[in-house]
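Asks: here you go, sequence then predicted model.
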Amino acid sequence: MSRLFGTDGVRGVANTELTPLLAMQLGAAGALVLTEERSYRPTIMVGCDTRISGDMLANAMMAGICSVGANAVYVGVLPTPAVAYLTKKYKVDAGVVISASHNPVEFNGIKFFNGDGYKLSDEMEDRIEELIRGGLKGIPTPTGSRVGKVKYRTDAREEYINHSIKQINMDLRGMKIVVDCAEGASYYTSVETLRELGAEVIAIHNNPDGTNINSNCGSTHMEELCARVVMEKAELGLAFDGDADRLLASDENGKIVNGDEIMAIIGNFLKEEGRLNNDTIVVTVMTNLGFKLMGEKNGIKVEQTKVGDRYVLERMREIGANLGGEQSGHIIFLDENTTGDGLLSALHLLEVVKSKQKPLSELAKVMQILPQALVNAKVPNHKKESYLEYTEIVDAIERLEKKYAGEGRVLIRPSGTEPMVRVMIEGKNQQEINADAKNLAELIEKTVL
């Protein structure tokens with residue numbers, strides 16, 4: 001049986017895979033595991049993105065929390081990094097976000113934060129899962145006044161906006177910025193923050209209706225944002241995903257600036273300012289080889305982890321780094337928050353643009369992106385971990401590894417959040433690596449049934 005928790009919590013199609021029953025069980029088991037040594041009645045914060053299934057799952061989750069005697073605080077629609085920050089700010093015992101991040105509307109997810117705002121360890125997730133698989137046997141079932149209750153807060157998003165503004169003191173008057181909110185959780189917080197700092201904000205995809213989150217918009221579909229930046233003659237564009245824990249950008253010419261480039265721009269600026277801890281940036285194995293070359297040229301040490309911002313965070317804490325992230329735009333500023341934060345990423349990027357008085361296109365030249373092809377092979381979710389059990393796939397991977405040895409690399413991995421195996425190849429010739437990645441992905445799809 002596959003593990004319930006992926007790299008970013010529990011994900012699935014809402015109401016079939018991620019059911020209200022499972023959400024209630026996660027609420028009960030999570031409340032027990034996260035607060036088991038408390039001598040008082042614990043409190044857990046719950047927030048969600050704009051998906052139509054969010055209310056259903058959040059209420060089921062809070063029912064589970066209350067059923068074991070814990071209290072819940074519901075903060076409504078908020079970015080994931082806001083819940084992480086406010087969990088610690090409000091001194092509650094844990095936080096929960098109902099979100100499937102950049103995935104389509106039919107998906108949803110549940111991820112936990114401990115009382116310090118950090119994602120849970122594998123060991124703690126395993127304990128929650130063990131309770132659920134055991135049918136929640138032996139858990140407390142309080143009655144009467146010992147049942148938990150739900151409190152509703154409406155001030156949380158303003159707290160997060162104020163926190164974000166305090167981190168970077170700057171005046172954005174005179175800057176025109178296009179912001180794509182992905183019809184998601186940043187539809188208010190990102191726009192209001194930038195306007196409070198004085199920017200002229202042109203907001204697109206900021207009218208969520210519960211069904212349009214990430215639909216041809218946001219950081220996974222940037223065509224409209226890039227075109228709008230050019231049309232409006234804006235300084236740059238900012239693209240968030242559904243739960244606003246990642247950021248990608250468009251330069252003034254409508255060219256996408258990805259997470260690697262954003263980290264390179266900000267990392268070099270922080271190093272110049274003496275604010276980059278240990279002159280080190282933590283990235284994943286999916287980060288472009290050009291990032292490592294950039295680090296070598298500029299005296300920045302580049303540490304690599306396996307894919308997943310939780311693993312980036314673990315390594316950052318181990319070595320005392322304060323900047324790390326992923327090519328997809330999850331960027332962690334550990335001095336300011338405990339998880340990837342799209343709004344903080346945007347503010348740090350704008351800080352560099354303002355301080356250097358240079359267009360984003362010029363700043364992005366700090367690193368050269370080597371040709372890279374990424375193709376997703378769609379496979380049954382329960383089989384995505386077993387692709388190496390097929391001889392023809394193993395043989396094909398070995399042939400490609402020999403072909404690109406010394407002048408590129410081949411990286412194959414199951415997605416932690418979707419029913420896919422991701423095929424990534426780097427090399428010198430874009431057409432060649434595109435074809436090889438496509439062929440391997442098709443082989444995986446055809447074989448893993």
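Replies: Okay, I see it.
Asks: and the helices in the protein?
Replies: Here the chain has its helices, by DSSP state H, at 20-34, 54-67, 80-89, 122-133, 156-167, 186-196, 223-232, 259-272, 289-298, 309-319, 342-356, 360-363, 391-404, 430-447.
Asks: between the ones you listed, which one is nearest to Ile369?
Replies: Set against Ile369 and scored by C-beta to C-beta, the helices of the chain come closest in helix 289-298, at 4.9 Å. For glycine as for every other residue, the C-beta is placed from the backbone atoms N, C-alpha and C.
Asks: ok so, going back, most tightly packed of the helices of the chain?
Replies: Mean neighbours per residue, mean count of other C-beta atoms under 10 Å, is largest over those for helix 80-89, with a mean of 26.
Asks: what packs against that one?
Replies: Where contact means 3 or more C-beta pairs under 8 Å, 6 or more residues apart in numbering; DSSP states H and E, helix 80-89 is packed against strand 43-48, strand 71-77, strand 94-98, strand 107-114, helix 156-167, helix 342-356.
Asks: got JSON lines for the ones you listed, with mean pLDDT too?
Replies: Output for these, formatted as JSON lines (pLDDT from 0 to 100):
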{"stretch": "strand 43-48", "mean pLDDT": "98"}
{"stretch": "strand 71-77", "mean pLDDT": "98"}
{"stretch": "strand 94-98", "mean pLDDT": "97"}
{"stretch": "strand 107-114", "mean pLDDT": "96"}
{"stretch": "helix 156-167", "mean pLDDT": "96"}
{"stretch": "helix 342-356", "mean pLDDT": "98"}
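Asks: between the helices of the chain, which one is closest to Glu106.
Replies: Among these, helix 54-67 sits nearest to Glu106 (C-beta to C-beta), with 12.6 Å.
Asks: okay, the angle between that closest one and strand 94-98?
Replies: Inter-element angle recorded for helix 54-67 and strand 94-98: 150 degrees (by axes from the mean of the first three to the mean of the last three C-alpha atoms, to 10 degrees).
Asks: so how far is helix 54-67 from its chain's centroid?
Replies: 23 Å (C-alpha atoms, centre = their mean, to the nearest Å).
Asks: okay, the angle between it and strand 71-77?
Replies: 170 degrees.
Asks: can you redo the helices and strands packed on helix 80-89 as CSV with distance to Asp251?
Replies: Below are the helices and strands packed on helix 80-89 laid out as CSV (distance: least, C-beta to C-beta, whole Å):
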stretch, distance to Asp251
strand 43-48, 32
strand 71-77, 30
strand 94-98, 31
strand 107-114, 31
helix 156-167, 23
helix 342-356, 10
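Asks: before we move on, the earlier item: what's the closest of the helices of the chain to Ile202?
Replies: helix 223-232 (5.7 Å).
Asks: how about residues contacting that closest one?
Replies: Residues outside helix 223-232 that contact it (C-beta atoms under 8 Å, 6 or more residues apart in numbering) are 176, 178, 180, 202, 204-205, 216-217, 234, 236-237, 239, 250-256.
Asks: check the offset of that helix from the chain's centre.
Replies: On C-alpha atoms, centre = their mean, the centre of helix 223-232 falls 24 Å from the chain's centre.
Asks: and for stretch 153-167?
Replies: 19 Å.
Asks: could you list the residues in contact with it?
Replies: Applying C-beta under 8 Å, 6+ apart, the set of residues contacting stretch 153-167 is 47, 73-79, 81-82, 85-86, 89, 188-189, 192-193, 196-197, 333, 336, 343-344, 347.
Asks: now do stretch 112-123
Replies: By C-beta under 8 Å, 6+ apart, stretch 112-123 touches 5, 8-9, 30, 34, 83-85, 87-88, 91-97, 111, 124-125, 128, 310, 313, 337-339.
Asks: if we can go back for a sec, who wins for proximity to Met24 among the helices and strands packed on helix 80-89?
Replies: strand 107-114 (10.8 Å).
Asks: now do stretch 314-326, average pLDDT.
Replies: Taken as a whole, stretch 314-326 has a mean pLDDT of 97.
Asks: stretch 130-149 too?
Replies: 94.
Asks: residues of that stretch that come out buried?
Replies: By 16 or more other C-beta atoms under 10 Å, the buried positions in stretch 130-149 come out as Leu131, Ile132, Leu136, Ile139, Gly148.
Asks: on that earlier part again, would you turn the helices of the chain into JSON lines with distance to Arg41?
Replies: Putting these into JSON lines (distance: least, C-beta to C-beta, whole Å) gives the following:
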{"stretch": "helix 20-34", "distance to Arg41": "11"}
{"stretch": "helix 54-67", "distance to Arg41": "11"}
{"stretch": "helix 80-89", "distance to Arg41": "17"}
{"stretch": "helix 122-133", "distance to Arg41": "20"}
{"stretch": "helix 156-167", "distance to Arg41": "21"}
{"stretch": "helix 186-196", "distance to Arg41": "30"}
{"stretch": "helix 223-232", "distance to Arg41": "46"}
{"stretch": "helix 259-272", "distance to Arg41": "41"}
{"stretch": "helix 289-298", "distance to Arg41": "47"}
{"stretch": "helix 309-319", "distance to Arg41": "29"}
{"stretch": "helix 342-356", "distance to Arg41": "33"}
{"stretch": "helix 360-363", "distance to Arg41": "50"}
{"stretch": "helix 391-404", "distance to Arg41": "52"}
{"stretch": "helix 430-447", "distance to Arg41": "50"}
